[in-house]
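prediction below, plus the sequence it came from.
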Amino acid sequence: MVSEVYFTPREAAEYLRTSVSTLAKLRVYGGGPEFTRIGRAIRYPRNLLDSYMTSRIVRSTSDKPNSNPGTSKANP
C-alpha cells in the first residue's frame, strides 16, 4: 500500500524551488497550492503540489497561469 507523502512548508518550498515566505503569503492571500492543516501544522500533499505546478504552465510570459486547476483556459 502506497501512502500519500506530505511536506512541511519548508520541504514544499524546496520541492517547488520557492521560498517559505512565498508559500506563507499564498496561504494568506490565495493563489497557491492547496494544503491541509493538522492543528497548527501545515502540510502539503505532494500530488497537490504537482497539480499546482502543472496548472501554472504557460506558453509565453504574456499568458496568465490558470488560477483554477479545475477549469481550462478559453482559446481566443
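Noted; the coordinates are in hand.

now for the helix or strand harbouring Leu26, which elements pack on it?
Assessed by DSSP states H and E, Leu26 sits inside helix 20-29. Contacting helix 20-29 under the criterion 3 or more Cβ pairs under 8 Å, 6 or more residues apart in numbering; DSSP states H and E are the following elements: helix 9-16. Where you see a C-beta, it was placed from the backbone N, CA and C, and this is true even at glycine.

quick one: the helix it packs on to chain centroid distance?
Helix 9-16 sits 10 Å away from the centroid of its parent chain (Cα atoms, centre = their mean, to the nearest Å).

over to stretch 31-46?
10 Å.

and stretch 5-14, by the same measure?
Its chain's C-alpha centre and that of stretch 5-14 lie 11 Å apart, by Cα atoms, centre = their mean.

longest strand anywhere in this protein?
With residue count as the measure and DSSP state E as the assignment, the chain has strand 41-45 as its longest strand.

can you mark which positions in the helix or strand just after that one are buried?
Past strand 41-45, heading to the C-terminal end, the next element that is a helix or strand (DSSP H and E) is helix 46-55. By neighbour count, with 16 or more other Cβ atoms under 10 Å as the criterion, the buried positions of helix 46-55 are Leu48, Leu49, Tyr52.

who does Tyr6 bridge with?
For Tyr6, the beta-bridge partners under DSSP bridges are Pro45.

what's near enough to touch it?
Tyr6 makes contacts with Thr36, Arg43, Tyr44, Pro45, Arg46, as judged by Cβ atoms under 8 Å, 6 or more residues apart in numbering.

which residue is nearest the middle of this structure?
Within the chain, the residue whose C-alpha comes closest to the C-alpha centroid is Pro33; the distance, by Cα atoms, centre = their mean, is 2.4 Å.

and the helix or strand just after the helix holding Leu26, which strands flank it?
Scanning the chain past helix 20-29 towards its C-terminal end, the next helix or strand to appear is strand 36-38 (assignment: DSSP H and E). Applying DSSP bridges to the sheet, strand 36-38 is found paired with strand 41-45 (antiparallel).
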